[in-house]
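In: Below: sequence and its predicted model.
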Amino acid sequence: IKRPRPSSASATRMSLATKSLEAFVAELAAKQPTPGGGAAAAVAAAVGESAAAMACAYTQRKKDKETGAADKAVALQQRMQSSNSLAFADRDAAAYAELQRSWKDTDMTAEQKAEVEATALAVPVELIELCHAQIAAIDAFLPDCNPNITSDAKVGIHLLAGAARSAYQTALVNSPPDEVAAKLKTLLAQIGEVEQKLL
């Protein structure tokens with residue numbers, strides 16, 4: 001989240017989750033503090049979940065209902081659509097705004113600054129954990145997925161994997177403790193194993 005760019009963030013700015021894709025990528029490319037890499041990772045995660053949810057929507061055939069695959073598809077679809085991963089984009093922007101403020105606010109205590117820094121780190125860490133869990137759920141569903149649409153479920157895995165690795169870079173900038181960094185590396189390694197099976 002620590003990006004050496006001048007602040008122009010506004011607390012009243014429209015939520016990133018409600019912007020059009022065109023508007024979001026234009027803002028991402030602009031010379032302004034947010035949206036940045038953390039928001040990009042969140043959007044990638046949301047797109048990945050949507051691709052997987054679409055594969056679930058197509059696993060509703062008569063034969064899928066007979067085998068129980070449709071029930072699994074419905075459960076996974078609900079999981080993908082209820083995660084609210086896009087909220088991480090706004091959380092990242094808010095955390096960075098607070099982090100910037102902490103650099104300039106001489107009235108902030110050391111404890112308050114530490115809390116702000118902890119929040120800035122927590123956002124990408126939680127996103128990585130979410131991506132890891134979603135990837136595991138999609139991977140478990142693949143054997144039951146409509147074979148004509150399995151590629152889209154796999155696209156979901158790859159996008160979520162990219163989102164996790166991107167969020168990891170944001171986490172690193174926020175100086176995670178050694179044990180947190182080690183945990184994140186383990187999660188990324190497990191994600192990589194899932195991806196490798198698909199390649």
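Out: That came through fine.
In: Name the SS class of Ala46, please.
Out: At Ala46 the chain is in helix, as set by DSSP: H, G, I helix; E, B strand; the rest coil.
In: so who does it touch?
Out: Taking Cβ atoms under 8 Å, 6 or more residues apart in numbering, we find Ala46 in contact with 85-86. In this view, the C-beta of every residue, glycine as well, is placed from N, C-alpha and C.
In: If we use 10 Å, what do you get?
Out: Counting by Cβ atoms under 10 Å, 6 or more residues apart in numbering, Ala46 touches 17, 80, 83-89, 159-160, 163.
In: Sitting in strands, which of those residues do you find?
Out: Among the contacts of Ala46, none falls in strands (DSSP state E).
In: are any of those residues buried, and which?
Out: For the contacts of Ala46, a burial check counting by 16 or more other Cβ atoms under 10 Å picks out 17, 80, 83, 85-89, 159-160, 163.
In: what's the closest of the residues you listed to Val25?
Out: Ala89 (12.5 Å; Cβ to Cβ).
In: right, and that closest one touches Val43 too?
Out: Yes. Using Cβ atoms under 10 Å, Ala89 is in contact with Val43, at 6.1 Å.
In: shared neighbours, those two?
Out: By Cβ under 10 Å, 6+ apart, the residues touching both Ala89 and Val43 are 16-17, 19, 24, 35.
In: Pick out the most distant pair among these.
Out: Pairwise over the shared contacts of Ala89 and Val43, using Cβ to Cβ, the maximum falls at Ala17 and Pro35, 10.8 Å.
In: Give the residues shared as contacts by these two.
Out: 24, 42-43, 89-90.
In: Between the residues you listed, which sits nearest Ala51?
Out: Val43 (12.8 Å).
In: Mind telling me what element the closest one is part of?
Out: Using DSSP states H and E, the element containing Val43 is helix 37-57.
In: any idea how far that helix is from the chain center?
Out: With Cα atoms, centre = their mean, to the nearest Å as the basis, helix 37-57 stands 8 Å off its chain's centre.
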